[in-house]
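> Okay, predicted coordinates and the sequence, questions at the end:
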Amino acid sequence: LTLGGETREMTILFCDIRGFTTISEQYDAHGLTTVITRFLTPMTDIIMERMGYIDKYIGDCIMAFWNAPLDDAEHAANACEAALTMQETLAGLNGKWKAEAEAGGRKYLPINIGVGLNSGPCCVGNMGSEQRFNYSVLGDDVNLASRLEGQSKTYGVGIIIGPVTREKAPGFAALELDLIKVKGKTRPVRIFALLGRAELAASEAFKKVEADHVAMLEAYRACRWDEADRLLAACRTSPLFDLHKLYDMYAERIKTYRTAPPPPDWDGSYTATSK
C-alpha cells in the first residue's frame, strides 16, 4: 500500500440530512447514533447495489463515487439512479419512522436529504499522510459535487447534478436550474435538478413543463422581464413538481433587476454567496 492515485473520469455523490441539528436535539448520543445508523444503512445499500463506492461518512453526510475501484462505463447514469432511489426509499422510511414515533408518544421530525452529483476527471487512490490514509478521491469536480449538494437548499430541490453528469445521463428527466458561480469558483456552470427517469422524461406532461421552463430561462437571461414573469406564472401551474422555491427565487431576482438592471455584458449567471 502506497500513497498516490490515478486520474479517472468519475461521478461523485454527496448526500446530507436537512436540518440535522434540529433533529439531533431530540435525542441523546445513543439515540442519535441509532437514528443515523437506520438512515445510513439503507442509503448505503442503494449506492453499493448500483456500483457506487462509499468514500466516507461525515456525521450525517455520505460521500460516494463511481468508476473506481471497479470500472463503470455508466457511472453517471448509475449515480443518478441511486440518487432517485435514495429519495424514494427515504419517503417510505419516513412513513415507518413516523408511525413508530406516534406509537411511542414521541415528537416526529421527518428526515429530508439533499444530494449533489458531479462528473469529471479526479485523482483516486490512497490519500492521506504517511501515518494514516484511505482510498479516496480528490479534484475540482469533487469540490463542485459538494457545493451542488449545499445549493439544493437554496433552489428547493432534492437532487442537483452538474453539467457533465447531465451530458452523460441524458435520458433522465431534468430541468436546468441556473448558470451559477458556486462559492469559491470564478467560472459559472449550468446546474440541473434531477427529477425522474426516462419514463417521465418521455411524457407529454414533462415536455410541456420543460418547454415553459426553458422559455422562462431564455427570457430571463435576455432581460425580457415581462415575458419572464408571464412564463413564470405558467411554470407554477405544473402538477408534476413542487418548484415554488425555485420560481419564487427567480421572481425576486426579476423584481430586483427591474430597478437595478444587470450590466450590458451580463451572461445570465448568478454568483452564490453561500455553500
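Nice, I can see it.
> only C-alpha atoms for contact and neighbour calcs from this point on.
OK.
> What score does Gln26 have for pLDDT?
At Gln26, the model reports a pLDDT of 84.
> for Lys183, same thing?
77.
> just checking, what packs against the helix or strand containing Cys80?
Secondary-structure assignment from DSSP states H and E places Cys80 in helix 75-103. Counting contacts by 3 or more C-alpha pairs under 8 Å, 6 or more residues apart in numbering; DSSP states H and E, helix 75-103 is packed against strand 4-17, helix 29-49, strand 61-66, strand 113-128, helix 163-168, strand 189-196.
> For the fourth one, the averaged confidence score.
Regarding strand 113-128, the rounded mean pLDDT is 96.
> quick one, what contacts Cys235?
Val209, Asp212, His213, Tyr247 (C-alpha atoms under 8 Å, 6 or more residues apart in numbering).
> how about those in CSV, adding neighbour count and secondary structure?
Below are these laid out as CSV (neighbours: other C-alpha atoms under 10 Å; DSSP: H, G, I helix; E, B strand; the rest coil):
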residue, neighbour count, secondary structure
Val209, 19, helix
Asp212, 19, helix
His213, 21, helix
Tyr247, 20, helix
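> Dump those residues into TSV; add distance to His30 and pLDDT as well.
Formatted as TSV, the contacts of Cys235 follow (distance: C-alpha to C-alpha, whole Å; pLDDT from 0 to 100):
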residue	distance to His30	pLDDT
Val209	46	95
Asp212	49	96
His213	46	97
Tyr247	41	97
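> just those now: which is nearest Glu176?
His213 (8.2 Å; C-alpha to C-alpha).
> Chain neighbours aside, what residue packs nearest to that closest one?
Leaving aside its chain neighbours, His213 sits nearest to Cys235 (6.2 Å; criterion: C-alpha to C-alpha, 6 or more residues apart in numbering).
> The one you found and Cys61, how far apart?
As judged by C-alpha to C-alpha, to the nearest Å, Cys235 and Cys61 stand 32 Å apart.
> again with Ile159
14 Å.
> Of those two, give the one with the bigger neighbour count.
Neighbour count, other C-alpha atoms under 10 Å: between Ile159 and Cys61, Ile159 has more, with 27 against 19.
> Identify the residues contacting the more buried one.
Ile159 neighbours (C-alpha under 8 Å, 6+ apart): Ala83, Leu84, Gly114, Val115, Gly116, Leu117, Glu149, Ser152, Ala193, Leu194, Leu195.
> Compare those residues and tell me which is most surrounded.
Of those, with other C-alpha under 10 Å as the count, Leu117 tops at 34 neighbours.
> Would you state the strands of the stretch 101-250 of the chain in chain order?
113-128, 133-138, 159-161, 173-181, 189-196 (DSSP state E, counting those that start in this stretch).
> Within its sheet, name the partner strands of the shortest one and how each one runs.
The reference is to strand 159-161. Partners of strand 159-161 in the sheet, by DSSP bridges, are strand 113-128 (parallel), strand 189-196 (antiparallel).
> how far is stretch 102-121 from where the chain is centred?
13 Å (C-alpha atoms, centre = their mean, to the nearest Å).
> Ok, stretch 12-19 next?
8 Å.
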